[in-house]
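Engineer: Just to be clear, the model below is a prediction. Sequence and coordinates:
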Amino acid sequence: MAKDGEKSEWKDFVWNPRTREFLGRTASSWGLIILFYIVFYLFLAGLFALTMYIMLQTLDDHKPTWQDRLSTPGLVIRPHADDTFEIAYTIENTESWDMYARALDSFLSPYNDSVQAQKNHECTPDQYFLQEDSGDVKNNPKRSCQFNRTILEECSGLRDRYYGYQDGKPCIIIKLNRVIGLLPGKDGQAPSVTCGAKRDDSDKIGEMVYFPPNGTFDLMYYPYYGKKAQVNYSQPLVAVKFLNITVNEDVNIECKIIANNIPTGTERDKFAGRVSFKLRISSNN
Ligand SMILES: *[C@@H]1O[C@H](CO)[C@@H](O)[C@H](O)[C@H]1NC(C)=O
Ligand SMILES: *[C@@H]1O[C@H](CO)[C@@H](O)[C@H](O)[C@H]1NC(C)=O
Ligand SMILES: *[C@@H]1O[C@H](CO)[C@@H](O)[C@H](O)[C@H]1NC(C)=O
Ligand SMILES: *[C@@H]1O[C@H](CO)[C@@H](O)[C@H](O)[C@H]1NC(C)=O
Ligand SMILES: *[C@@H]1O[C@H](CO)[C@@H](O)[C@H](O)[C@H]1NC(C)=O
């Protein structure tokens, strides 16, 4: 008996024909609950979409919203040394240096005077090329300054298509990594690159010549406003030509950026603002 009662109680709970309740609730009660949840979730989804929308409105495609304090930019050399940062070849063996010359050819191709004249603007040297936005009026796209390949003279690969590799006076090209908003140099003093021998190689490095003169990065190439705002930006370059480097020996070289407002090799990053590499030029003579 008791069992039967339990069973019918259970059945009644699932569907009670007397009160017309399903799982203890009437159809209208269920309807209200379902309606409530539909409205509730729609509301949440709407809130999420609205928050997202407002967020995206405040982001500017053309400049980073948050940027850490301006870091010291890294230096990069070309031709691309492998992971060991070593450039090694034999003067008499054309194949051992031809790849370096080809790498420089393709690296410098976008700097051809004709290309630069087409893409970029002739700026006033020795001063920053500021193109700030005025309030909400965006000054985009921003123009960029010409860096003509011919500035690199003997290291341009135009007059000497092997960049000096064929006579043991190789050119190395140095560029400063892009940092948005960086204004290197203070009081109108342009930043420059200087190279020297490391450890006890100073008697082997020989004389060097820089292009452009003094190895400077002209102020007109700064500040950099970012890839979206400044689509045609060409990073300025400095070339170093080693005129009398000792052959058949490893020479360890370090180049660094000199700017009165960029600290090099800080505690935080020993390699900031500098690059090291090894040159080994062999000769059978
Ligand atoms: C740049 O100039 C070099 C040498 O004149 C030429 O071989 C190369 O095709 C040029 N590249 C572009 C992109 O114009
Ligand atoms: C770069 O080369 C082009 C073409 O020869 C020339 O018109 C322009 O004045 C040069 N720009 C600079 C900054 O020297
Ligand atoms: C970028 O270069 C292209 C040609 O390659 C030119 O048509 C365009 O005007 C340049 N843009 C700016 C902002 O200088
Ligand atoms: C190179 O540096 C020297 C000494 O700092 C300076 O007298 C000379 O004017 C500079 N040359 C150029 C082309 O900037
Ligand atoms: C080249 O360097 C050697 C020492 O490595 C030196 O004896 C020689 O005088 C230098 N030549 C020039 C032109 O500076």
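Structural biologist: Okay, I see it. Ligands and ions are numbered 1, 2, ... in the order given.
Engineer: Quick one: residues contacting the residue nearest to E207 when sequence neighbours are not counted.
Structural biologist: The shortest distance from E207 to any non-neighbouring residue, by C-beta to C-beta, 6 or more residues apart in numbering, is to L243 (4.5 Å). For the C-beta atoms, the positions are set from N, CA and C on the backbone; glycine is no exception. By C-beta atoms under 8 Å, 6 or more residues apart in numbering, L243 lies in contact with 169, 206-209.
Engineer: could you dump the residues you listed to a markdown table with distance to ligand 3, neighbour count and secondary structure?
Structural biologist: Converted to a markdown table, those look like this (distance: C-beta to the nearest ligand atom, whole Å; neighbours: other C-beta atoms under 10 Å; DSSP: H, G, I helix; E, B strand; the rest coil):
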| residue | distance to ligand 3 | neighbour count | secondary structure |
| --- | --- | --- | --- |
| K169 | 34 | 22 | coil |
| G206 | 40 | 13 | coil |
| E207 | 39 | 10 | coil |
| M208 | 34 | 19 | strand |
| V209 | 32 | 16 | strand |
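Engineer: Just give me the closest of these to V39.
Structural biologist: M208 (75.3 Å; C-beta to C-beta).
Engineer: What count of nearby residues applies to the residue in the stretch 151-285 of the chain that ligand 2 sits nearest to?
Structural biologist: When scored by C-beta to the nearest ligand atom, the stretch 151-285 of the chain has I151 as its residue closest to ligand 2, at 7.2 Å. With neighbours defined by other C-beta atoms under 10 Å, the count for I151 comes to 20.
Engineer: Next, the distance between the ends of stretch 74-91.
Structural biologist: 30 Å (C-alpha to C-alpha, to the nearest Å).
Engineer: what does the stretch 101-250 of the chain have sitting close to ligand 3?
Structural biologist: Residues of the stretch 101-250 of the chain lying close to ligand 3 (C-beta under 6 Å from any ligand atom) are 118-119, 141, 143, 231-232.
Engineer: Many thanks, have a good one.
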